[in-house]
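> Fold the following.
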Amino acid sequence: MVKAAILEPNRKYNFSDYFKLDFDSEAILDYFGFGLEIQRMALPKAQLDSSEVTSLTQRIDAFLPHITLSSEIARREFLIAPVLMDLIRFISLKVKVSYWIEVSEQLRGALDYYLQAESNLLVIEAKDENLQRGFTQLAVELIALHHWTEVNTSYLYGAVSIGNVWQFSRCDRQNQVITQDLNLYRVPADLAELVSILVGILKGLDSDTLPDQIS
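Numbers count the residues shown, from 1 in each chain. This next block holds a predicted model:
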């Protein structure tokens, strides 16, 4: 009975619609048969060439005082896009923007950034200042990817970003659980760690092993 009240019958929902719903994340995930865990996540990390990451940090430090980041579009172009473009320095990567997927009338829409490297993928959702609502939308996107992708991996990763703050999530496909990370990563203050995590996820590194060296 509760599940039936979450979404309107006979209505199509795009991913962005879940950002606007007033139901909490747990109720929406439960509707799709997934549980929710909120905890500090041990994320995979790659050991990077520090000079490359320092260069990106310096560039962002230099232009930030001269740019007004009051809109979502501005934050995408000047804070998120530079990070994603720099990832190509460290790993062979495909970046697909506004990538449409459709599983059902309730699991459909455009992924802001769909990153794929070898057999691993990562979805990034760029939102306004509301990280929690952004997480809900991201979680639904991960559920859709669980049904849609042919990539054979136990976990799917995602991140929601408001530009200067990032938060990660993970979909445990076997147990059907979405984990929301309590850690937040700031740009540019935590940029080196953020890039290390993004590369670690895309390379499929194990969070329990030593960092992989990339030069």
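
> I'd like to know how far the residue positioned nearest the centre of the chain sits from residue 105.
For the chain, the residue nearest the mean C-alpha position is residue 159 (1.9 Å; C-alpha atoms, centre = their mean). Distance, residue 159 to residue 105, by C-beta to C-beta, to the nearest Å: 26 Å. All C-beta spots, glycine's among them, are computed from the backbone N, C-alpha and C.

> again, but for residue 36
23 Å.

> more neighbours, those two?
residue 36 (19 against 12; other C-beta atoms under 10 Å).

> Check the secondary structure at that one for me.
State at residue 36, reduced to three classes by DSSP: H, G, I helix; E, B strand; the rest coil: strand.

> Skipping adjacent residues, who's closest to residue 88 in space?
residue 95 (7.7 Å; C-beta to C-beta, 6 or more residues apart in numbering).

> show me the contacts for the one you found.
Shown in contact with residue 95 (C-beta atoms under 8 Å, 6 or more residues apart in numbering): 84, 85, 87, 88, 113, 114, 115.

> returning to what we had before: who is the residue nearest to the centre of the chain paired with across the strands?
residue 124, residue 168 (DSSP bridges).

> didn't it look like it was pressed against residue 180?
No - counting by C-beta atoms under 8 Å, residue 159 sits too far from residue 180 to count as a contact (11.1 Å).

> which neighbours do those two share?
Shared contacts of residue 159 and residue 180, defined by C-beta under 8 Å, 6+ apart, are found at 167, 169.

> Can you report how many residues lie near residue 190?
Counted with other C-beta under 10 Å, residues neighbouring residue 190 total 16.

> do residue 143 as well
So residue 143, with other C-beta under 10 Å, has 24 neighbours.

> where do the helices sit along this structure?
Assigned by DSSP state H, the helices in the chain fall at 2-6, 15-20, 25-31, 50-63, 72-75, 81-90, 131-148, 191-202.

> re the thing from before, neighbour-wise, which one of the contacts of residue 95 leads?
Neighbour counts for the contacts of residue 95 peak at residue 115, which has 23 neighbours (criterion: other C-beta under 10 Å).
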